[in-house]
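Participant: Attaching a predicted model along with its sequence, questions to come.
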Amino acid sequence: MEIVTSALKIVHYPHPALRHKTRPLTGIDKKITTLAAAMLDLMYEHKGLGLAAPQVGVPFAMFVCNVAGDPAVKDAEFVFLNPVIVERKGSMEGEEGCLSFPGLYRKVRRARSIVGQAYNLQGELVTMEASELASRLWQHETDHLDGILFIDKLGPVGQLASKGELAAFEQEYRKAQRKGELPSDEEIHKQLAQLELLA
């Protein structure tokens with residue numbers, strides 16, 4: 001089964017891949033490097049700072065990011081495989097958005113700084129210290145790998161304020177399924193199970 005095609009797209013809520021817990025990667029090969037490059041292209045195209053594999057319908061524990069949001073700033077560009085947060089400190093509240101929820105922005109409370117560990121595309125284990133925006137990015141993207149979305153972190157007011165927009169995302173998604181533009185949820189679950197075998 002081919003993962004990366006010209007049709008690689010960002011999936012929108014409530015696509016089942018967004019709630020699917022990812023599988024850790026057991027190796028790095030051409031499919032992973034190709035997927036990472038395609039994810040970075042998509043992230044830049046959609047003006048994002050980070051993109052996790054479930055957001056393109058792939059159940060692998062990996063995300064790409066560039067805290068500068070600028071493809072020219074290569075120092076800020078990273079691909080993280082099997083990332084984990086090993087330490088969290090402090091607390092901050094700030095506005096968050098997500099490429100799988102276009103146009104929806106809400107305040108979310110996160111740890112102010114984190115220490116994260118992950119493998120890079122060379123197979124080296126790297127340790128990252130991140131604070132403020134970079135810390136928020138790490139927490140948001142690693143949540144995606146556990147099927148946790150930023151809307152799950154909203155307080156009662158944020159949840160209430162988002163109800164209408166979330167209902168609109170759901171309507172749009174079901175409409176696309178009825179028109180045959182998207183497979184059924186059952187079919188998507190089958191595809192995710194098949195892709196897991198490639199991790």
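Facilitator: Received the coordinates, thanks.

Participant: Can you tell me the centre-most residue of this structure?
Facilitator: To find the centre residue of the chain, average its C-alpha atoms and take the closest one (C-alpha atoms, centre = their mean): that gives Ala52, at 2.7 Å.

Participant: Backbone dihedrals for that one, please?
Facilitator: Dihedral pair for Ala52: phi -100, psi 150, per degrees, to the nearest 10.

Participant: Could you pull up the residues touching Ser184?
Facilitator: Gln177 (C-beta atoms under 8 Å, 6 or more residues apart in numbering). C-beta coordinates here come from the backbone N, C-alpha and C atoms, glycine included.

Participant: Which pLDDT value belongs to it?
Facilitator: Listed pLDDT for Ser184 reads 96.

Participant: Kindly provide the distance from Ala76 to Leu137.
Facilitator: Here the distance between Ala76 and Leu137 works out to 10 Å (C-beta to C-beta, to the nearest Å).

Participant: out of these two, which sits in the busier spot?
Facilitator: Comparing Ala76 with Leu137 by other C-beta atoms under 10 Å, the one with more neighbours is Leu137, at 22 against 15.

Participant: Report how many residues lie close to Pro59.
Facilitator: When neighbours are defined as other C-beta under 10 Å, Pro59 has 21 of them.

Participant: oh sorry, the question was meant for Ser135
Facilitator: When counting by other C-beta under 10 Å, one arrives at 25 neighbours for Ser135.

Participant: residues touching it, list them.
Facilitator: Each residue near Ser135 by C-beta under 8 Å, 6+ apart is listed here: 110-114.

Participant: Pull out the buried members of those residues.
Facilitator: Buried members of the contacts of Ser135, counted by 16 or more other C-beta atoms under 10 Å: 110-111, 113-114.

Participant: Quick check: the two most widely separated of the contacts of Ser135?
Facilitator: Spatial extent of these (C-beta to C-beta) is set by the pair Arg110 and Ser113 at 9.9 Å.

Participant: quick revisit: overlap in contacts, Ala76 and Leu137.
Facilitator: Val67.

Participant: what about the helices in this protein?
Facilitator: Under the criterion DSSP state H, the chain contains helices at 30-45, 132-145, 156-178, 185-196.
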